[in-house]
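*Asks:* my questions concern the predicted model and sequence given below.
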Amino acid sequence: MATPTKPPPGEPEADLPAPSGRKREEVIRAGVLAALGRPAQLYRVAVVPLWDNNFRVNVVTGDESSGVLIPNSYFVKADDVGKILGSEPPIRRQY
C-alpha cells in the first residue's frame, strides 16, 4: 500500500485522504489535555463523535474499584485532522 505524500508547495492538499476517525479522536484527546492539564487520577478521556465536526469530550477520573467521576465535560468542534476549533464551555487550564 502506498503512503500518501504531501503535494508540492503551492498545490492544494484537498486530495489527501482524511485521517482515520481513531487518529482524529486521539488528536482531540491530546488537545483537550494540553489545554486543561492532567488531572490527578486520570482514568480516561472519552471522545464521542456526534455529527459533522462535533464531539462530546468527557474527562474521567478515579478508578473502577472506587468509582469514577467526570469533573470536566466539553462540547468540542474540531477540524478534519482533530485540531480543536472551539468548545463549550471553553477549556481552561485547571491542572
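*Replies:* Yep, it's here. Remember, it's a predicted structure, so these values are computed and weren't measured experimentally.

*Asks:* CA only for contacts and neighbour counts going forward, please
*Replies:* Will do.

*Asks:* what's the longest strand in this structure?
*Replies:* strand 67-78 (DSSP state E).

*Asks:* secondary structure class for the spatially most central residue of the chain?
*Replies:* Nearest to the mean C-alpha position of the chain, by CA atoms, centre = their mean, lies Ile28 at 1.3 Å. Of the three states, Ile28 takes helix according to DSSP: H, G, I helix; E, B strand; the rest coil.

*Asks:* let me see the contact set for it.
*Replies:* Residues counted as contacts of Ile28 (CA atoms under 8 Å, 6 or more residues apart in numbering) are 47, 78, 82-84.

*Asks:* can I get these in TSV with distance to Thr61 and pLDDT?
*Replies:* What follows is the contacts of Ile28, written out as TSV (distance: CA to CA, whole Å; pLDDT from 0 to 100):
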residue	distance to Thr61	pLDDT
Val47	14	97
Ala78	23	98
Gly82	23	96
Lys83	24	97
Ile84	22	97
